[in-house]
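Asker: Just need the structure, nothing else, for what follows:
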Amino acid sequence: MRHGFALALALLLTLTATAQPRTWRPATESELHTVIPARAPAITERIETEFRTASGITDGKGHYIAGVVMITAGYAAEGKYSHFFIVQTPIKVGTVALAPGNYLFGWTRATDGATLHVTFYQATTGAPVGEVDAPRDPATTRVESFHIWPPTDKSIIQIGRFTVPYSLANP
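Answerer: Numbering: from 1, shown residues only. Predicted coordinates:
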């Protein structure tokens, strides 16, 4: 009888442990150094990144969602792409679903000045993946060139004063 109870308890604990969702947190600077390249692959070019702008989140189990501003002056990407974006678990940014992979994105300001029009591209081919609008967020008091907030805080990606929500497909 005791062995049956112990077995049932062990099975319950195992199922509970595996059913818990991953807890995402901000990635540390040293963790970001492991995933953010010094030169980001952008189609046929390798464009220098500005590491001080790097931001990302991790589940602490080797999965990251991270990005960084690229220094595009003098490259074909200038004016089209501004950021390198790494996705290691499926996410949805606004209405755009992104599978694990490397992406580029760029933005243009809408004529009203209150919205950024953000376009995502495959990093290896430059093929467009999708577009989303990032409105100016009046609640944002700290302006950052790029910041990914963990889902436990805000579930937003911030570009300057503009934000777009995201969700994890496998939280």
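
Asker: Isn't Ala134 up against Leu116?
Answerer: Yes - counting by CB atoms under 8 Å, Ala134 touches Leu116, with 4.4 Å between them. The C-beta positions use only the backbone N, C-alpha and C, and glycine is treated the same way.

Asker: Identify the contacts common to those two.
Answerer: 107, 159, 162 (CB atoms under 8 Å, 6 or more residues apart in numbering).

Asker: So which of the residues you listed belong to strands?
Answerer: Mapping these onto strands (DSSP state E) picks out 107, 159, 162.

Asker: about what we covered before: nearest to Glu29, of the shared contacts of Ala134 and Leu116?
Answerer: For the shared contacts of Ala134 and Leu116, the closest approach to Glu29 (CB to CB) belongs to Ile159, at 20.3 Å.

Asker: show me what contacts that closest one?
Answerer: Ile159 sits in contact with 83, 107, 116, 118, 134, 145-146, where contact means CB under 8 Å, 6+ apart.

Asker: Next one: it from Pro135, what distance?
Answerer: 11 Å (CB to CB, to the nearest Å).

Asker: State the helix or strand in which the nearest residue to Tyr103 once chain neighbours are set aside lies.
Answerer: Excluding the flanking residues, the one nearest Tyr103 by CB to CB, 6 or more residues apart in numbering is Phe85, at 4.3 Å. Secondary structure assigned from DSSP states H and E places Phe85 in strand 83-87.

Asker: contacts for that strand?
Answerer: Here strand 83-87 has contacts from 35-37, 40, 42, 47, 49, 56, 64-70, 98-106, 120, 123, 146, 159, using CB under 8 Å, 6+ apart.

Asker: How about stretch 107-116?
Answerer: Against stretch 107-116 from outside (CB under 8 Å, 6+ apart): 82, 117-119, 133-136, 159-160, 162.

Asker: Show me which of the residues you listed is closest to Ala127.
Answerer: Minimum distance to Ala127 across the contacts of stretch 107-116 is 11.2 Å, recorded for Thr119 (CB to CB).

Asker: For the host helix or strand of the closest one, list every residue counted as buried.
Answerer: For Thr119, the element it lies in under DSSP H and E is strand 115-122. Applying a neighbour-count criterion of 16 or more other CB atoms under 10 Å, one finds 115-116, 118-121 buried in strand 115-122.

Asker: same for whichever helix or strand comes after that strand, what does it pack against?
Answerer: For strand 115-122, the succeeding helix or strand toward the C-terminus, using DSSP H and E, is strand 128-135. Applying 3 or more CB pairs under 8 Å, 6 or more residues apart in numbering; DSSP states H and E, we find strand 128-135 packed against strand 96-98, strand 115-122, strand 162-168.

Asker: Sounds good, over and out.
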